[in-house]
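J.: Fold the following, please.
(chains A and B)
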2 protein chains.
Amino acid sequence: MLANLLIAHGGGPTSVINASLYGVITEAKKYPEIEKVYGAVGGSSGMLTENFIDLKEISDEEILKLLKTPASALGTSRFPLYEKEYERILEVFEKYNIKWLLFNGGNGSMDTCGKIYEIAKDKGIGVVGIPKTIDNDIFTTDHAPGYGSAARFIAQTVKEIGEDVKSLPIHVSVVEAMGRNAGWITAASALARKKEGDAPHLIYLPERPFNEEEFLEDVQKLHEKYGGVVVAVSEGLKNDKGEPVAPPIFRTERAIYTGDVGTHLATLVVKNLGIKARSEKPGIAGRASIMNQSPVDVNEAVEAGKVALQSVLEGKTGVMVGVKRISTDPYQCETILIPIKEVMMGEKIMPDEFINERGNDVTDEFVKWARPLIGGELTDFADFNLGVRKEKI
Amino acid sequence: MLANLLIAHGGGPTSVINASLYGVITEAKKYPEIEKVYGAVGGSSGMLTENFIDLKEISDEEILKLLKTPASALGTSRFPLYEKEYERILEVFEKYNIKWLLFNGGNGSMDTCGKIYEIAKDKGIGVVGIPKTIDNDIFTTDHAPGYGSAARFIAQTVKEIGEDVKSLPIHVSVVEAMGRNAGWITAASALARKKEGDAPHLIYLPERPFNEEEFLEDVQKLHEKYGGVVVAVSEGLKNDKGEPVAPPIFRTERAIYTGDVGTHLATLVVKNLGIKARSEKPGIAGRASIMNQSPVDVNEAVEAGKVALQSVLEGKTGVMVGVKRISTDPYQCETILIPIKEVMMGEKIMPDEFINERGNDVTDEFVKWARPLIGGELTDFADFNLGVRKEKI
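T.: Down below sits the predicted model:
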């Protein structure tokens, strides 16, 4: 009997969430029992307002472009559903004869996904989650689509900034990366290094309280040793009271707006050490860069979409597609299904063994773990071995 | 009679200054009258301290990598020479039997170059400048190597950020681009547009005083119309008194440190309009991106290096290699030699015909002028024509 599939995106996009959509659509076309493949426009909002497009009607040429399109081609939403809205969703499913739901998102979306599963399971509706996160904070999976590309972006960018700073060794550059509670993206800047002395020279993560005194001490020493210093820092860096390190700019009723932590750290360097410092904040450019997509990440994103589609058709439900690492060298992973209930239990932060003792760098163990995810070596730059130059400032 | 060539880099790097170096080295190898090709390590500092490397000794493999290496492989310097140091440079030239000097840099470097030419011309030493700038502010040349790639970077980045903001249309993103006095880079963000409504929606340049009231009015209207709004702004944006728009953070004896203008504009939006806003500042990542090199720019950079080498050997001196545009469609330029004295006369800012009347965008004329420099179309993204979504916030 014919029925329809619905796919929705939730949360902030990644540079490969559309690759998962590509996987879902191309796989769905193989199954005649799926009549329509609906895309919810604007995530859960689109589900409530019945704002659907039929993805089988989109041209093959346009579908192919999904592999190289950042953001979400369906549109996404950041807002959790209210309790009463779940019932409404069931009505919509009935109205549109939707038997299968695929929900592609991060922790918040998996939460929504789990709740829909609970109310929909007695109606014979299958619900499968497709993970997506740049932050790599989804529980129970080794990593998730989106992270490898965000990691490649920050590694490439910090490597390039490192060259720039080295060629003009008169300053400190603080590069701010996304990540409020988990430092995975910032940590991946370590993949920029090839030999001792390469950028980044310091890495600060939200998993460790920031110590201003040690930071200034470290910058001073590194500046004497290398001239230019590159610091990678997570936007969510906190002090030992758990408060944001950057001072608040102003408050509204709903939120406190804090300054940029990169700017704050650069200012600390100028003020306290008298060393010229600046900051860079690629911001959302870091999750939308097509040039820096990791090929491994793209493939895994497509695969996650395909497996989710196959699984839901096979009657699997209440699960999220996850990745289990079999081996790091050579890199080998297998796709697994994880009960969404388990996914909903937490947020994955960096484990202790991936952070060094002083809390200003990652460990080799992390680098080994992360290296395969960026999908191949970064461009090798010319190096004339000029040594460290001291220049009049 | 055998003699030696010296090449030096000056000022902030671009993503193709090493491509010009590639052009110089590969061309120099063809001329047996050049015994050594010295590279000054760290720009003019290297010239003073006799810190030279022999570039003929570098392996071909390493030289080839220069085409894909950002920053300066020789190292550069930001400081103008003192009067007394020019005499010292002549001594160094004599000591090392340097008959030819190529100086690759921007306005400051061309100034140095012109002064060295003046004191060296009676000694039979040839001096030729190779232009380099991301800012495109070098006088008398249509454009200069470095700009096309910085332009491509900002266009690609703003296009990607535009997709992100569109897919989650609940905010305003202000993207800050480099450029203290000239808005050429920021202006190039307009190349991201393909159809009406595409990002960037507003462009602010240092050539026009910023009007806060009009800015807020424009953002409000565009937010109602499109949901997400992307604003491109030059770091050097000024008010009608010629002061930086962003407030000063603190002062030292030598300099005033101002806040980031992108952050400032985003804060204005949140405070005055109650619309969620954020900022992105790629900063020096925008001049070091190898992924976003413009192929046209790379070719022109190599060519500038080759022509400089050929010219100085032919006895041309006191000139800079420049570009004269023959035609825009099809794009055709020829290499010319410009007396350095003329180059030293000014700084090139955006002409009136490239800026719209309200001062919040560029004109079609600018877009036509700039389009060929980025070296081919940007990636075409999938577009499901979802229309404008209004979402609960």
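J.: For beta bridges, what are the partners of A:Ile338?
T.: On the basis of DSSP bridges, A:Ile338 is bridged to A:Met320.
J.: from memory it sits against A:Val323, does it?
T.: No - the criterion here is C-beta atoms under 8 Å, and A:Ile338 misses it with A:Val323 at 9.6 Å. (C-beta placed from N, C-alpha, C; glycine too.)
J.: okay, and the common contacts of those two?
T.: A:Thr141 (C-beta atoms under 8 Å, 6 or more residues apart in numbering or on different chains).
J.: Does the closest residue to A:Ala188 other than its chain neighbours fall in a helix, a strand, or a coil region?
T.: Take A:Ala188 and drop its neighbours on the chain: the residue closest to it by C-beta to C-beta, 6 or more residues apart in numbering or on different chains is A:Ala151, 3.4 Å away. Using DSSP: H, G, I helix; E, B strand; the rest coil, the structure places A:Ala151 in helix.
J.: residues contacting A:Ala151?
T.: A:Ala151 sits next to A:184-185, A:188, A:191, A:294, A:370, A:373-374 when contact means C-beta under 8 Å, 6+ apart.
J.: what about 6 Å?
T.: A:188, A:373-374 (C-beta atoms under 6 Å, 6 or more residues apart in numbering or on different chains).
J.: And A:Phe93, by the same measure?
T.: A:Phe93 touches A:Ile125, counting by C-beta under 6 Å, 6+ apart.
J.: does A:Ala19 really touch A:Leu67, like I thought?
T.: Yes - A:Ala19 is within contact range of A:Leu67, at 5.4 Å (criterion: C-beta atoms under 6 Å).
J.: Near chain B, which residues of chain A are found?
T.: A:13, A:41-42, A:45, A:62, A:65-66, A:68-73, A:75-76, A:157, A:160-161, A:163-164, A:167-168, A:249, A:267, A:280-285, A:288, A:290-291, A:379, A:381-382, A:384, A:386, A:389, A:391 (C-beta under 6 Å from any C-beta of the partner chain).
J.: my guess is A:Thr157 is in a helix, correct?
T.: Yes - membership of A:Thr157 in a helix is supported by three-state DSSP.
J.: Share the number of residues neighbouring the residue nearest to it when sequence neighbours are not counted, please.
T.: Excluding the flanking residues, the one nearest A:Thr157 by C-beta to C-beta, 6+ apart is B:Ala285, at 5.0 Å. Using other C-beta atoms under 10 Å in any protein chain shown, the number of residues around B:Ala285 comes to 26.
J.: Output the helix or strand that contains A:Ser311 as CSV, restricted to C-alpha atoms.
T.: Using DSSP states H and E, A:Ser311 sits in helix A:295-313. The C-alpha coordinates for helix A:295-313 follow below in CSV (Å, rounded to 0.1, in the frame of the first residue of the first chain):
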residue,chain,number,x,y,z
PRO,A,295,35.0,14.2,1.6
VAL,A,296,34.7,11.6,4.4
ASP,A,297,32.1,13.8,6.0
VAL,A,298,30.1,14.2,2.8
ASN,A,299,30.1,10.4,2.2
GLU,A,300,29.1,9.6,5.8
ALA,A,301,26.3,12.2,5.5
VAL,A,302,24.9,10.7,2.3
GLU,A,303,25.2,7.2,3.9
ALA,A,304,23.4,8.3,7.1
GLY,A,305,20.5,9.5,4.9
LYS,A,306,20.3,6.3,2.9
VAL,A,307,20.5,4.1,6.0
ALA,A,308,17.8,6.1,7.7
LEU,A,309,15.5,5.7,4.8
GLN,A,310,16.2,1.9,4.5
SER,A,311,15.8,1.4,8.2
VAL,A,312,12.5,3.2,8.5
LEU,A,313,11.1,1.2,5.5
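J.: I'd like the mean pLDDT over the helix or strand containing A:Tyr257, please.
T.: Assessed by DSSP H and E, A:Tyr257 sits inside strand A:256-258. The predicted model assigns strand A:256-258 a mean pLDDT of 82.
J.: In the following helix or strand past that strand, which residues are buried?
T.: The C-terminal neighbour of strand A:256-258 among helices and strands, as given by DSSP H and E, is helix A:261-273. Neighbour-count burial for helix A:261-273 flags A:261-270 (criterion: 16 or more other C-beta atoms under 10 Å in any protein chain shown).
J.: confidence score at the residue nearest to A:Ala188?
T.: So, for A:Ala151, pLDDT stands at 98.
J.: residue contacts, the closest residue in space to A:Thr133 that isn't next to it in sequence?
T.: With sequence-adjacent residues excluded and distances taken as C-beta to C-beta, 6+ apart, A:Thr133 is closest to A:Gly106, at 4.2 Å. By C-beta under 6 Å, 6+ apart, A:Gly106 lies in contact with A:11, A:132-133.
J.: Apply 7 Å and report the result again.
T.: A:Gly106 is in contact with A:11, A:132-133, A:138, counting by C-beta atoms under 7 Å, 6 or more residues apart in numbering or on different chains.
J.: Next: A:Leu337.
T.: A:311, A:316, A:319, A:321.
J.: could you dump the residues you listed to CSV with neighbour count and pLDDT?
T.: Output for those, formatted as CSV (neighbours: other C-beta atoms under 10 Å in any protein chain shown; pLDDT from 0 to 100):
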residue, neighbour count, pLDDT
A:Ser311, 20, 98
A:Lys316, 16, 98
A:Val319, 24, 98
A:Val321, 30, 98
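J.: can you redo those residues as a markdown table with distance to A:Val302?
T.: Below are the contacts of A:Leu337 laid out as a markdown table (distance: C-beta to C-beta, whole Å):
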| residue | distance to A:Val302 |
| --- | --- |
| A:Ser311 | 15 |
| A:Lys316 | 19 |
| A:Val319 | 19 |
| A:Val321 | 12 |
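J.: so where's chain A shaky on pLDDT?
T.: A:388-393 (pLDDT under 70).
J.: now the helices for it?
T.: Listed in chain order, the helices of chain A (DSSP state H) span A:17-28, A:44-48, A:60-65, A:83-95, A:107-120, A:147-167, A:184-187, A:212-226, A:261-273, A:295-313, A:340-343, A:364-370.
J.: So what touches the second one?
T.: So that's helix A:44-48. A:8, A:10, A:40, A:52, A:77, A:81, A:85, A:88-89, A:92, A:112, B:391.
J.: top of the residues you listed by neighbour count?
T.: Ranking those using other C-beta under 10 Å puts A:Ser77 first, with 31 neighbours.
J.: If you drop the residues flanking it in sequence, what lies closest to it?
T.: Using C-beta to C-beta, 6+ apart, the closest residue to A:Ser77 is A:Gly43 (3.3 Å).
J.: Also A:Gly105?
T.: Counting by C-beta to C-beta, 6+ apart, A:Gly105 lies nearest to A:Gly10, which is 3.2 Å off, once chain neighbours are set aside.
J.: Likewise for A:Leu55?
T.: Nearest residue to A:Leu55 in three dimensions, chain neighbours excluded: A:Val37, at 4.3 Å (C-beta to C-beta, 6+ apart).
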